[in-house]
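> What follows is a predicted protein model with its sequence.
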Amino acid sequence: MPTAVHISFSENKGDLFQNFNYRCFTILAARHPGHHFIFVFDKPFDQSVIIHDNITAVLLPPQIKNRLLSWYWYNYKIPRLLIRYNADIFISDGNICSLRTAVKQCMILPDLSFLQKENLFSKGELKYLNKYFRRFVAKAECIAVTNQYAGDLLAENFPQTKSKIHPIGYGSNELVKKFNDEEIRLIKEKATEGKEYFLCYITAASAPNTTVLLKAFSAFKKRQLSNMQLVLLLSDSQKENPVKDFDNYKYRHEVKVIASPTTESAAEITAAAYAAVYLPSIKIMEDPGLQALKNNIPLITADNEFCKTIYHDAALYTITAEQNIAAQLMLVYKDENLRNDLINQGRQLSTAFSWHNTASKLWKALTASTQ
């Protein structure tokens, strides 16, 4: 089954380690040496990322820099390439597919937030998707989603897709490392002068809730006289603290801001945390909350159906209001039995979020769609 896959990455993220298509199909190429996989890049790439003999890497210009080029690339460049390599199926990158090929296609949709009010899409992107997305999902033979919530949302908005939808899970990155007590102590010394801390993940999805989190931390400090600190771990998309008047914040000296950490430093900071807080306001799959669970750190997250379909009983849930968040911080701080239970639940749940599990489910969906 010759399988063509679009492997895309942003200009400043040439590292494919976190690319969904690359991770899944590299695993599948290793498992199925008799199958031919065609990795199609629209940007120059490092040949060293091709690690199996049954993968053919193709650079197909032009680089996709906007929606117009994306339309041209998918509808004029891809059809000819699929014929050239006699592909049986093509896997696109994100919420698009080709409307000008008879080859079967699979869409992998990690982000359906454009169907809701809160999203990260520009007005131009929303206009484009409102115009063409219905045609894309009608054209696709298989639609893979990262969780059941996304599948239900898609079926609700586009009922004709129901029989095509395949929940395949999510491959969380393996940042887990065992640290002994002395190593944990040294991490805390470096991060918070040796004090315990709540770790808050600030990403594109959770950044809007940073201010209410700081207010909740203030409420916690007023109720509980302790040395507990707050560490804001800013993802690559957040270049600076999203709270503009942070210098006026009463407890600013007990808040540490760490921007764009390396993979290794993020793992260290996570592993030494007392508890983690991840409050996304946008319903997209991201790694932070899962990283807390994998590192045996109890998690406080947003109280909505999207988060509950991911974390189930392995997290504390809160609405994004100052007193509610503060109450959950107090609860996980004071109740050691609850904290240990969350750690155990998280450890068990997080094992399901692996690239190997996701790749297996994706392959099952693809083979069913090509029969």
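Received, thanks. Numbering: from 1, shown residues only.
> in the stretch 1-150 of the chain, which spans are helices?
20-31, 67-72, 78-84, 123-139, 148-157 (DSSP state H, counting those that start in this stretch).
> What of the stretch 201-350 of the chain?
210-223, 263-271, 288-294, 305-311, 322-334, 336-350.
> which of those sits most buried?
Across the helices of the stretch 201-350 of the chain, averaging neighbours per residue (mean count of other C-beta atoms under 10 Å) puts helix 288-294 on top, at a mean of 27. For the C-beta atoms, the positions are set from N, CA and C on the backbone; glycine is no exception.
> State the mean pLDDT of it.
Taken as a whole, helix 288-294 carries a mean pLDDT of 92.
> other SSEs contacting it?
Contact here means 3 or more C-beta pairs under 8 Å, 6 or more residues apart in numbering; DSSP states H and E; on that basis helix 288-294 packs against strand 197-202, helix 263-271, strand 275-278, strand 299-302, helix 305-311, helix 336-350.
> Just send those back as a markdown table, with distance to Ser70 and mean pLDDT too.
What follows is the helices and strands packed on helix 288-294, written out as a markdown table (distance: least, C-beta to C-beta, whole Å; pLDDT from 0 to 100):
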| stretch | distance to Ser70 | mean pLDDT |
| --- | --- | --- |
| strand 197-202 | 29 | 97 |
| helix 263-271 | 29 | 89 |
| strand 275-278 | 31 | 98 |
| strand 299-302 | 31 | 98 |
| helix 305-311 | 27 | 95 |
| helix 336-350 | 34 | 96 |
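> Please tabulate those in JSON lines, including the columns distance to Tyr128.
JSON lines is the format used below for the helices and strands packed on helix 288-294 (distance: least, C-beta to C-beta, whole Å):
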{"stretch": "strand 197-202", "distance to Tyr128": "28"}
{"stretch": "helix 263-271", "distance to Tyr128": "33"}
{"stretch": "strand 275-278", "distance to Tyr128": "30"}
{"stretch": "strand 299-302", "distance to Tyr128": "28"}
{"stretch": "helix 305-311", "distance to Tyr128": "24"}
{"stretch": "helix 336-350", "distance to Tyr128": "36"}
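> residues near the nearest residue to Ser260 once chain neighbours are set aside, how many?
With sequence-adjacent residues excluded and distances taken as C-beta to C-beta, 6 or more residues apart in numbering, Ser260 is closest to Asp236, at 5.2 Å. By the measure other C-beta atoms under 10 Å, the count of residues near Asp236 is 13.
> now the one 3 residues further on
Applying other C-beta under 10 Å, we find 10 other residues in the vicinity of Lys239.
> Got phi/psi on it?
phi -80, psi -20 (degrees, to the nearest 10).
> Can you verify my assumption that it contacts Ala259?
Yes - counting by C-beta atoms under 8 Å, Lys239 does reach Ala259; the two are 6.8 Å apart.
> List the buried residues for stretch 248-267?
249, 254-257, 261, 266-267 (16 or more other C-beta atoms under 10 Å).
> hmm, I was thinking of stretch 120-136
128-129, 132-133, 136.
> Could you do stretch 66-84 as well?
Across stretch 66-84, burial judged by 16+ other C-beta under 10 Å covers 67, 70-71, 73-74, 77-79, 81-82.
> try stretch 135-153
For stretch 135-153, a neighbour-count test (16+ other C-beta under 10 Å) marks 136-137, 139-147, 149-153 as buried.
> Compute the first-to-last residue distance for stretch 96-108.
End-to-end span of stretch 96-108 (C-alpha to C-alpha, to the nearest Å): 9 Å.
> any idea of the mean pLDDT for it?
In the prediction, stretch 96-108 has an average pLDDT of 97.
> quick revisit: if I look at Lys239 and Ala259, which residues touch both of them?
Taking C-beta atoms under 8 Å, 6 or more residues apart in numbering as the contact rule, Lys239 and Ala259 have no neighbour in common.
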